[in-house]
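Participant: whatever this is, show me its structure:
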Amino acid sequence: MTRTGLRHRQRTRTVHRLAHNGPVNDVSFASLLTPEGRALLDEVRGTDPAQELAVATRLRREHPAELVSAALGQARLRQRAAAKFGAEDAERMFFTPNGVEQSTRTSVATYRAKRFRALGIRSVADLCCGIGGDAIALARAGIRVLAVDRDPLTVAVARANADALGLADLIEVREADVTDEDTAPYDAVFVDPARRGGRGRIFDPEAYSPPLSWAVDTALKAPLAALKIAPGIPHEAVPVEAEAEWISDHGEVKEAVLWFGTEAGLVRATLLPGPRELLGRGLPDPEVRPLGRYLYEPDGAVIRAHLVAEVAEELDGGLIDETIAYVTADELRPTPYASAYEITDQLHFSVKKLKALLREREVGVLTVKKRGSAVEPEELRRKVKPQGPASATVFLTRVAGAPTMLVGAPAQPPTDGARP
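Facilitator: This next block holds a predicted model:
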């Protein structure tokens with residue numbers, strides 16, 4: 001849980017924005033923007049994947065095969081994108097496979113846009129804009145946006161999305177290498193480097209496209225800037241000039257952001273919806289203490305931000321193990337930053353004993369959580385074969401260094417003012 005921040009080393013490297021767009025290409029996408037293509041998109045909206053072959057066979061009697069394939073492919077992408085962008089927007093927008101996968105979730109983009117606006121920002125240079133998810137949120141917050149990407153298809157999709165959502169007056173989409181852009185005319189810079197390549201996810205920040213060192217250098221030249229990075233970035237890689245923010249949505253960690261021009265050195269965990277914000281205060285790591293009645297599982301953003309100590313202090317709790325981010329306490333206290341469980345049993349790791357306990361209590365609905373254990377939840381579930389009407393939660397973890405199973409259930413708040 002180190003809190004060290006080191007100044008980022010500068011490196012010179014050729015910068016490219018990578019985009020792997022799968023079956024979508026410039027020709028097929030352009031055909032979707034024609035009157036015939038738009039009419040066909042309306043016709044295939046909501047097509048059941050199981051019916052695609054029959055629908056395609058019928059439509060190819062009247063339309064070019066490539067156009068039919070493009071429309072059905074776009075319909076599939078829109079269905080996938082609904083979870084991230086909302087059904088109403090997704091049905092009007094255009095996507096590439098990577099665009100659906102890599103774009104910022106609307107709830108996160110909206111939160112960030114509101115923060116830009118609250119900081120007095122009226123114009124943003126959005127570098128590596130992708131299909132325009134962040135640019136859309138910024139424009140809806142009343143911010144003028146220059147959206148830049150070097151991939152021609154990605155740029156065409158972003159431009160089409162600005163038009164489709166009625167935001168073209170606020171979003172200028174430009175095809176260019178982001179390293180060639182002059183961001184001086186804008187109040188702020190937002191950079192979302194590509195963190196995937198031909199072999200999948202990229203973990204080295206200097207292998208981002210553009211690399212983190214270039215993005216940091218660009219941010220330091222701007223009045224205010226935000227750099228979107230992977231949430232697993234080591235705290236040691238956070239520049240001393242930056243504020244570091246980890247963001248989760250409904251308990252799932254989505255991203256980390258480095259802010260420049262706010263409060264250097266600040267660490268923040270932001271939980272959506274809300275937002276609820278927990279600020280770091282430089283507390284030492286919590287002490288390890290015996291297991292109490294309640295176990296608290298901090299939100300992932302809290303853990304990534306190394307703010308478990310702040311939550312433990314709020315709960316008057318301690319750690320069950322110096323290497324495990326579970327907090328234990330004797331009292332039940334409501335907190336938005338952790339989920340509370342009432343623990344009924346503490347067992348040394350033994351599948352046989354756990355199976356007997358669950359059978360005795362007729363547990364058929366079993367939730368298995370793990371932290372600090374090599375055992376896979378599904379493997380344990382198969383071995384214990386839960387049966388019965390009751391439910392329980394099992395934590396596979398360590399307590400004071402020993403492999404342990406904790407059995408319990410989500411804690412229920414007291415009623416009528418009674419203490420738990």
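
Participant: which regions of the stretch 51-200 of the chain sit below the pLDDT cut-off?
Facilitator: Residue ranges of the stretch 51-200 of the chain with pLDDT under 70: 196-200.

Participant: would you map the helices across it?
Facilitator: Using DSSP state H, counting those that start in this stretch, the helices of the stretch 51-200 of the chain run over residues 52-59, 65-85, 87-90, 97-102, 106-118, 133-140, 152-164.

Participant: so the longest one versus helix 106-118, what angle?
Facilitator: Read that as helix 65-85. Between the axes of helix 65-85 and helix 106-118, defined by axes from the mean of the first three to the mean of the last three Cα atoms, to 10 degrees, the angle is 70 degrees.

Participant: and the first one, by the same measure?
Facilitator: If you take the same axes, to 10 degrees, helix 52-59 sits at 80 degrees to helix 106-118.

Participant: helices or strands up against helix 52-59?
Facilitator: helix 35-44, helix 65-85 (3 or more Cβ pairs under 8 Å, 6 or more residues apart in numbering; DSSP states H and E). Yep, even glycine has a C-beta here, placed from its N, CA and C like the rest.

Participant: can you check the fourth one too?
Facilitator: Other elements packing on helix 97-102 under the criterion 3+ Cβ pairs under 8 Å, 6+ apart are helix 65-85.

Participant: angle of the helix it packs on against helix 152-164?
Facilitator: Going by the same axes, to 10 degrees, helix 65-85 makes 70 degrees with helix 152-164.

Participant: what about the residue most central in space within the chain, distance to residue 282?
Facilitator: Closest residue to the average C-alpha location of the chain: residue 254 at 1.3 Å, with Cα atoms, centre = their mean. For residue 254, the distance to residue 282 (Cβ to Cβ, to the nearest Å) stands at 25 Å.

Participant: for the stretch 301-420 of the chain, just list every one of the helices.
Facilitator: Along the stretch 301-420 of the chain, the stretches classed as helices by DSSP H, counting those that start in this stretch are 308-315, 351-360, 377-384.

Participant: any chance of CSV for those, columns mean pLDDT, mean neighbour count and distance to residue 169?
Facilitator: Converted to CSV, these look like this (pLDDT from 0 to 100; neighbours: other Cβ atoms under 10 Å; distance: least, Cβ to Cβ, whole Å):
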stretch, mean pLDDT, mean neighbour count, distance to residue 169
helix 308-315, 98, 21, 43
helix 351-360, 96, 15, 61
helix 377-384, 95, 14, 50
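
Participant: as a markdown table, these with distance to residue 145 would be great.
Facilitator: Output for the helices of the stretch 301-420 of the chain, formatted as a markdown table (distance: least, Cβ to Cβ, whole Å):
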| stretch | distance to residue 145 |
| --- | --- |
| helix 308-315 | 35 |
| helix 351-360 | 54 |
| helix 377-384 | 43 |
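
Participant: residue 250: which of those helices is closest?
Facilitator: Evaluated over these, closeness to residue 250 peaks at helix 308-315, with 18.1 Å, by Cβ to Cβ.

Participant: before we move on, the earlier item: contacts only, for the residue nearest to the centre of the chain.
Facilitator: Neighbour list for residue 254: 104-105, 108, 231, 247-248 [criterion: Cβ atoms under 8 Å, 6 or more residues apart in numbering].

Participant: the same query, at a cut-off of 6 Å, please.
Facilitator: Contacts for residue 254 (Cβ atoms under 6 Å, 6 or more residues apart in numbering) come out as 108, 247.

Participant: just checking, it is part of a strand?
Facilitator: Yes: Residue 254 sits within a strand when classified using DSSP: H, G, I helix; E, B strand; the rest coil.

Participant: run a quick neighbour tally on residue 45.
Facilitator: Residue 45 is flanked by 13 other residues according to other Cβ atoms under 10 Å.

Participant: and it, its phi and psi?
Facilitator: In terms of degrees, to the nearest 10, the main-chain angles of residue 45 are phi -60, psi 130.

Participant: so how far is residue 336 from it?
Facilitator: Remark: distance between residue 45 and residue 336 (Cβ to Cβ) = 38 Å.

Participant: again, but for residue 403
Facilitator: Going from residue 403 to residue 336 by Cβ to Cβ gives 31 Å.

Participant: so between the two, which is more surrounded?
Facilitator: For residue 403 versus residue 336, the count of surrounding residues by other Cβ under 10 Å is larger for residue 403: 16 against 13.

Participant: I'd guessed that one sits against residue 348; true?
Facilitator: No: using Cβ atoms under 6 Å, residue 403 is not in contact with residue 348; the gap is 7.1 Å.

Participant: what is the neighbour count of the nearest residue to residue 399 once chain neighbours are set aside?
Facilitator: With sequence-adjacent residues excluded and distances taken as Cβ to Cβ, 6 or more residues apart in numbering, residue 399 is closest to residue 320, at 4.9 Å. Residue 320: 29 surrounding residues under other Cβ under 10 Å.

Participant: residue 272 too?
Facilitator: As a measure of burial, residue 272 has 19 neighbours, counting by other Cβ under 10 Å.

Participant: and residue 201, what's its pLDDT?
Facilitator: Model confidence at residue 201, given as pLDDT, is 71.

Participant: for it, name its beta-bridge partners.
Facilitator: Beta-bridge pairing for residue 201 (DSSP bridges): residue 196.

Participant: that one: how many residues sit nearby?
Facilitator: For residue 201, using other Cβ under 10 Å, the count is 9.

Participant: that one and residue 194, how far apart?
Facilitator: 11 Å.

Participant: residue 278 now?
Facilitator: Taking Cβ to Cβ, one finds residue 278 at 30 Å from residue 194.

Participant: list the contacts of the closest residue to residue 144 other than its chain neighbours.
Facilitator: Sequence neighbours aside, residue 123 is the residue nearest to residue 144 in space, at 4.4 Å (criterion: Cβ to Cβ, 6+ apart). Shown in contact with residue 123 (Cβ under 6 Å, 6+ apart): 144, 186-187.
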